[in-house]
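S.K.: Quick check, what structure comes out for this input:
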Amino acid sequence: MAEPLDEFVMTLDEIKELLKAGRHNTYVGYEPSGPIHLGTLITLYKLKDMVDAGFHAIALMADIHAILNLKGPRELIEEVSMTYWKTVFHELGSPEIEIRLGSSFELSPDYVLDLLSLSQRVTARRAWRAMSMIAREQEDPLVSHHIYPLMQALDILYLRVKVAIGGTDQRKIHALARDVFSTNVPLRVERYVPSAIHTPLLTGLTGGKMSSSIPKSHIAVHDPPEIIREKIRHAYCPPGTEDQYDEEGRLKNPILGIMRYLILPRSGSVVLPRAKAAGGGEIEVSSYEELEDSYRRGEIHPLDLKNFVAEYLVEEFAGLRDKLMSDSGLIEPLYRLQKWQKERGLFGDLEWREVLRSYHPYLGESIS
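M.R.: Below you'll find the predicted structure:
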């Protein structure tokens, strides 16, 4: 969970009450317009946690949202949602996670009329402020960017979700939903004030933003072992003597971030090689605080940490890779979607060559 909790959980008291009784709905909304990478895994694992806590978890494949963001044709995005994305969520998360297409309800007359009603209660400035963390690269926002957060708010009600989950970049959208649904806005769907929890954002492997369109910035869950090892080996990982946080207090070391948000919460404790300069041998850490302290003191070498992370990820995704190898139809639609994006300038030639490398084990070397 992102910290401080009182800022990124809306609200702790509400969540505690929901946990006491009943099987409530929770969800995360995703644009299924590219590969699933490590940044996505944080919320995927959170959905599994919610299943374990007794919630009904929904992964919303927001195909209409992806179309609004010009990420691909509707039929192909739907196909990717129900093949690659569904497989990953059930293999790495839980088969109990419901996979739901946004278009299954977002095009209904009631939804459209509720969207128009909501648009009369939210200013264009407020809608853009809610969206700007997600579309921050847009200098001249489209009308679709103002519609996007209103649809996200309505999705919560139409899915009867009591706890909305998202990264910290979703906080303003969830705050907007809570504010507007606490008023008497006339809607055809049942209106209530949802709770929300937010998870941290992983820094990209190159030290900047993690992006589906920049292969070197992320590990895709279907990346072959040699590519995982290569990407981790070249990842930004400043030595412990340097500051590991940026000016805003965010962890800027992606390798430590992977340990903090993905590995340690699932492993509990790990054993790492102790740096030769610190005497050699091994060191066991059972919390992120212990890991960071040891790393800062030079007891753990950056290369040893990278090697551990790479091998963990190779093993973590082994079963999924086997599944995709046995049925290439589960990943081939994703290739066709990314090729559509390449033809429209969403990838440069260098990035596209990196993308193709990740598909070769599943689709052969002849793809282009």
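S.K.: Return the set of buried residues in the worst-scoring helix or strand of the chain on mean pLDDT.
M.R.: For the chain, using mean pLDDT, DSSP states H and E, the weakest element among its helices and strands is helix 124-132, scoring a mean of 87. For helix 124-132, the neighbour count (16 or more other C-beta atoms under 10 Å) marks 126-128, 130-131 as buried. In this view, the C-beta of every residue, glycine as well, is placed from N, C-alpha and C.
S.K.: Pick the one among these closest to His90.
M.R.: Lowest distance from His90 to the buried residues of helix 124-132 (C-beta to C-beta) belongs to Met131, with 30.1 Å.
S.K.: Ser144 is in contact with the closest one, correct?
M.R.: No - at 9.8 Å, Met131 and Ser144 do not qualify as touching, with contact defined as C-beta atoms under 8 Å.
S.K.: any idea what sits nearest the residue nearest the centre of the chain, other than its immediate chain neighbours?
M.R.: The residue lying closest to the centre of the chain (C-alpha atoms, centre = their mean) is Thr40, at 2.3 Å. With sequence-adjacent residues excluded and distances taken as C-beta to C-beta, 6 or more residues apart in numbering, Thr40 is closest to Tyr30, at 7.0 Å.
S.K.: Strands along the stretch 51-200 of the chain, start to end?
M.R.: Here the stretch 51-200 of the chain has its strands, by DSSP state E, counting those that start in this stretch, at 56-61, 98-101, 161-167, 195-199.
S.K.: Need these in TSV (columns: mean pLDDT).
M.R.: Output for the strands of the stretch 51-200 of the chain, formatted as TSV (pLDDT from 0 to 100):
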stretch	mean pLDDT
strand 56-61	98
strand 98-101	98
strand 161-167	97
strand 195-199	97
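S.K.: out of these, nearest to Leu205?
M.R.: strand 161-167 (17.2 Å).
S.K.: List the strands paired with the closest one, with their directions.
M.R.: strand 25-30 (parallel), strand 195-199 (parallel) (DSSP bridges).
S.K.: Torsion angles phi and psi at the most far-flung residue of the chain relative to its centre?
M.R.: Largest separation from the mean C-alpha position in the chain: Gly279, at 38.8 Å (C-alpha atoms, centre = their mean). The phi/psi pair for Gly279 (degrees, to the nearest 10) reads phi 110, psi -10.
S.K.: Distance of the closest residue to Ser211 other than its chain neighbours relative to Arg274?
M.R.: Of all residues not flanking Ser211 in the chain, Ser217 sits nearest, at 5.3 Å (C-beta to C-beta, 6+ apart). Distance, Ser217 to Arg274, using C-beta to C-beta, to the nearest Å: 30 Å.
S.K.: the more surrounded of those two?
M.R.: Counted by other C-beta atoms under 10 Å, Ser217 and Arg274 do not tie: Ser217 has more neighbours, with 24 against 19.
S.K.: residue contacts, that one?
M.R.: Applying C-beta atoms under 8 Å, 6 or more residues apart in numbering, we find Ser217 in contact with 204-206, 208-211.
S.K.: before we move on, what about Gly280?
M.R.: Gly280 makes contacts with 273-274, as judged by C-beta under 8 Å, 6+ apart.
S.K.: And Tyr261, by the same measure?
M.R.: Here Tyr261 is in contact with 42, 199-200, 202 (C-beta under 8 Å, 6+ apart).
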